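J.: Got a predicted structure here, sequence first:
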Amino acid sequence: MLNQYALHHAWAIPLLPAVAFVVIGFFLRAKHRLAAVVAIAMSTVSFILALGVGYETITQSITVEHPFIERIPWVAISGLSIDMGVYIDPMAAMMLVIVTLVSLMVQLYSIGYMQGEDGFGRFFAYLSLFASAMLGMIIAVNFVQLFVFWELVGLCSYLLIGYYFHKVSAREAAKKAFITTRIGDFGLLLGILFLQILFDTLDFQQLGILVPTYVSQYGTQTLTVVALLIFAGPLAKSGQFPLHVWLPDAMEGPTPVSALIHAATMVVAGVYLVARAFFLFSILPGAMEVVAWVGAITACFAATIAFTQQDLKRILAYSTVSQLGYMMLALGVGSVTASMFHLMTHAFFKALMFLAAGAVIHGLHNKNNIFEMGGLRHKMPVTFAAMTIGVLAISGIPPFAGFFSKDEILLAVSHVSTPLYVIAVVTSFMTAFYMARLLFVVFFGFEKPENHPHEAPISMKIPLIVLSILAIVGGYIPYTYHFGDWVRFGAPSHEELNWGIAATSTLLSITAMMLAWVLYGSRLVSPDRLAARFAALYQMSYHKYYIDELYLWFNHTIIDGIGKVLYWIDIYIVDGIVNGLAKLIYRLGDEFRQLQTGQVQQYGVVLFGTIVLVVAWLVGGAY
Amino acid sequence: MIGLVHYLLVAAMLFVIGLYGVLTKRNIVAILMSIELMLNAVNINLVAFSRFINPELLLGQAFVVFTITVAAAEVAVGLALVFRVYHDHDTVHIDKLNGMRW
């Protein structure tokens, strides 16, 4: 069946980068050129295969109802049988293309960005491993396979954030990322175990049939708990409030890492999981509400923090948290289409912006604070163009990509809940504002005399150009070609854009950008005086609402406190019982040995007395 | 008339006297003599039972011949041991022989 070649060989898509990881990791770490060649070669082949999968998904009519599934038994013992395999539906095909494309772009970019680093080979090995893990997760057929690769993705994040392991801050950030996501993974694992207990299977296809039957018989209570437990995983991994704290710190990693993992791919793993498990979530209104509100709160909350941040990558990090909130919100109101659409456009424009930011940082020799930059549009025109396109896309200005996806979300939310819609619209206003602020402060105004920026090399420019093109057309094209028919859950959505909603949000975004110009472009109003007037709000925003401090306090006072109490119990009570028993035996022995007096006649008395007693008992028993 | 009970009582009294001697006498030789007393009490018991249950069979009397022999042999060994003890510890006072204590 040559017309299904790519589908039948989809298992190779995660495998090739894994091979690259092994080859580079073991043999090529010192040979930089060869390492890069191997990694990029494998990534390219994966990308071509993924394109093939996408093409065949359309031509072979692989839909949500008729996915392409291939399974191999992996664990088959009595009472438990788990397979590994390939599950392709339009959503998976879309993700495969996005991940392989962005991964390839980032690897190309890294040739220029990481040049001269000692750990060049190690970097490409880890990037390949990450790509492999993410792709393996996308094609997972059941929760087990998904969880295995989910954990692997988390590991890669740890390795890559801690890439500059000589720096204490990088090591701490890597630990923070891993531990915070681990908390979510705990809930996820519990949820998976519950599903296994309830349904005796973890296969997506089978659960898709069993779960609705269960709910119609027994109601939603038990499964809502299970769904919320499962949601803990995406909550941590996709940086939802309150477990978002690791994402801004993850900017300690090199910028290509931030672009790939913490913007376009890994953090959307959580969104993907909820979409994959939508058969479970969509029939549990309680769980959906939680998902929607968590998403909305995250979106708004992160946007308010991004207002005042001064580190270039941190602004982008909080922007990512905010956009992830949008994706969760879209899922929570029931629209897988809108969420996935935004996932796609976000991957393009956020990766674009991170790579552009990397070009700026690289060009200024590792400066991060935007207020130490300025007027860069003259010396770095390509980077400037790229960043501008990204900012316009994220602000939802038509016809850029973000306009279509964001308005799909706003449309879906407006059908379900007005408070959520208001939050979403306010957040989009703030998004436009702080992104424009970034643009104006970094690229406009006067150049600082101590800066000597140089434009990015060609290896960094090509990915910028490719992603810019995608950020421009990546919304319009899927919209016109009926994205909603393919990537969906349930009935296809043929909704036309509501021009009322679209117009309002575009106007608001433009207003926000003009406001940003007034404050940061033309300096008509001084932002410092504004900050002084609203000092309390400014401080809260700048210090991220002191959540990190809160968590630290909680850990030191409460967790360590409990630890101290338990330690005391262990030393004094548990050890006390064990040692006490030993001492008791010792003292008993001490008393009993004194019976051995060595006096024969005493022994005789005891002996004869016992004989009398025994005889009396035996004779008495006869009566 | 003189019945079985009387013989048994005599044997019992002898036994108890012997027991008292074993448990209270200080001199090892005196303890040995008391043990002999207990053995003889048992002999009387055996002969009495034999006489009153089946006098023709002489079962008890035959058994008593054995026990007397054993008692004699045991006294020989016991006195030899007493000699040894006296040679090593220079005393026959049993309270002084408590080496096997804690």
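T.: Ah, there it is. Residues are numbered from 1 along each chain as shown, chains lettered A, B, ... in the order given.

J.: And A:Thr44, how far from chain B?
T.: A:Thr44 sits 87 Å away from chain B, taking CB to the nearest CB, to the nearest Å as the criterion. Every residue, glycine included, has its C-beta placed from N, CA and C.

J.: So what's the residue count around that residue?
T.: Using other CB atoms under 10 Å in any protein chain shown, the number of residues around A:Thr44 comes to 15.

J.: ok, now which ones touch it?
T.: Listed by CB atoms under 8 Å, 6 or more residues apart in numbering or on different chains, the contact set of A:Thr44 reads A:Leu104.

J.: For chain B, just list every one of the strands.
T.: Here chain B has no strands by DSSP state E.

J.: The closest residue to chain B within the stretch 401-550 of chain A: helix or strand, and which one exactly?
T.: Residue of the stretch 401-550 of chain A nearest chain B, by CB to the nearest CB: A:Leu550 (65.2 Å). Assessed by DSSP states H and E, A:Leu550 sits inside helix A:547-553.

J.: Kindly report the same for A:Tyr163.
T.: Counting by DSSP H and E, no helix or strand carries A:Tyr163.

J.: Surely it and A:Gly253 touch.
T.: Yes - under the criterion of CB atoms under 8 Å, A:Tyr163 makes contact with A:Gly253 at 5.6 Å.

J.: what sits in contact with each of these two?
T.: Counting by CB under 8 Å, 6+ apart, the contacts common to A:Tyr163 and A:Gly253 are A:Ala170.

J.: So if I had to pick from those two, which one is more boxed in?
T.: The neighbour count for A:Tyr163 versus A:Gly253, taken as other CB under 10 Å, is higher for A:Gly253 (26 against 21).

J.: how close does the more buried one sit to A:Phe384?
T.: From A:Gly253 across to A:Phe384, the span is 24 Å (CB to CB, to the nearest Å).

J.: Give me the distance between A:His9 and chain B.
T.: Plainly put, A:His9 is 84 Å away from chain B if you go by CB to the nearest CB.

J.: That residue and A:Val148, how far apart?
T.: A:His9 sits 21 Å away from A:Val148, going by CB to CB.

J.: Looking at the residue nearest to A:Tyr538 when sequence neighbours are not counted now. What's its pLDDT?
T.: In space, A:Tyr538 comes closest to A:Ala531 once its chain neighbours are excluded; the distance is 4.4 Å by CB to CB, 6 or more residues apart in numbering or on different chains. Listed pLDDT for A:Ala531 reads 78.

J.: Pull stretch A:318-332 out as CSV, backbone CA atoms only.
T.: C-alpha atoms of stretch A:318-332 as CSV (Å, rounded to 0.1, in the frame of the first residue of the first chain):
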residue,chain,number,x,y,z
TYR,A,318,5.2,35.1,30.7
SER,A,319,3.7,35.6,27.3
THR,A,320,4.0,31.9,26.7
VAL,A,321,2.3,31.1,30.0
SER,A,322,-0.5,33.5,29.1
GLN,A,323,-1.0,32.0,25.6
LEU,A,324,-1.0,28.5,27.1
GLY,A,325,-3.8,29.8,29.3
TYR,A,326,-5.7,30.7,26.2
MET,A,327,-5.3,27.2,24.8
MET,A,328,-6.5,25.6,28.0
LEU,A,329,-9.4,28.1,28.1
ALA,A,330,-10.4,27.0,24.6
LEU,A,331,-10.3,23.4,25.6
GLY,A,332,-12.3,24.1,28.7
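
J.: so A:Gly598 sits right up against B:Lys96, yeah?
T.: No - contact between A:Gly598 and B:Lys96 fails when scored by CB under 8 Å: they sit 10.1 Å apart.

J.: Count the neighbours of A:Leu195 for me.
T.: 24.

J.: so how far is chain B from it?
T.: Distance of A:Leu195 to chain B, computed by CB to the nearest CB: 66 Å.

J.: Where does that residue fall, secondary structure wise?
T.: For A:Leu195, the host element (DSSP H and E) is helix A:168-199.

J.: Excluding chain neighbours, what is closest to the residue nearest to the spatial centre of chain A?
T.: Nearest residue to the geometric centre of chain A (CA atoms, centre = their mean): A:Val267, 2.7 Å. Take A:Val267 and drop its neighbours on the chain: the residue closest to it by CB to CB, 6+ apart is A:Ser238, 5.3 Å away.

J.: Pull the contacting residues for the one you found.
T.: Going by CB under 8 Å, 6+ apart, A:Ser238 touches A:267-271, A:324, A:327-328.

J.: Near chain B, which residues of chain A? Just list them.
T.: Counting by CB under 8 Å from any CB of the partner chain, chain A comes close to chain B at A:593-594, A:596-601, A:604-605, A:608.

J.: Columns pLDDT on top of those residues, output as TSV?
T.: Output for the residues of chain A next to chain B, formatted as TSV (pLDDT from 0 to 100):
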residue	pLDDT
A:Arg593	89
A:Gln594	88
A:Gln596	86
A:Thr597	87
A:Gly598	87
A:Gln599	89
A:Val600	89
A:Gln601	90
A:Gly604	92
A:Val605	93
A:Phe608	93
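
J.: Write a ChimeraX command that selects only the buried members of those.
T.: Filtering the residues of chain A next to chain B down to the buried ones (16 or more other CB atoms under 10 Å in any protein chain shown) takes a single ChimeraX command:
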select /A:600,601
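
J.: what's the neighbour count on A:Ile48?
T.: Counted with other CB under 10 Å, residues neighbouring A:Ile48 total 14.

J.: Which phi and psi values does it adopt?
T.: In terms of degrees, to the nearest 10, the main-chain angles of A:Ile48 are phi -60, psi -40.

J.: Repeat that for A:Ser61.
T.: Per-residue torsions, A:Ser61: phi 50, psi 50 (degrees, to the nearest 10).

J.: and what of A:Val86?
T.: Backbone torsions for A:Val86, taken as degrees, to the nearest 10, come to phi -130, psi 130.

J.: Same check on the one 4 residues further on?
T.: The phi and psi values for A:Pro90, taken as degrees, to the nearest 10, are phi -50, psi -40.

J.: Over to A:Ser81?
T.: Taking degrees, to the nearest 10 as the convention, A:Ser81 sits at phi -140, psi 120.

J.: coming back round to it: correct me if wrong: the residue nearest to A:Tyr538 contacts A:Gln310.
T.: No - using CB under 8 Å, A:Ala531 makes no contact with A:Gln310, being 11.5 Å away.

J.: Of these two, which one has the most company?
T.: A:Ala531 (16 against 13).

J.: In chain A, which residue sits closest to chain B?
T.: A:Gly598 (3.0 Å).

J.: three-state assignment of that residue?
T.: Following DSSP: H, G, I helix; E, B strand; the rest coil, the label given to A:Gly598 is coil.

J.: can you pull the contacts of it?
T.: By CB under 8 Å, 6+ apart, the neighbours of A:Gly598 are B:97-101.

J.: Pull out the buried residues from those.
T.: Among those, those buried by neighbour count (16+ other CB under 10 Å) are B:Leu97.
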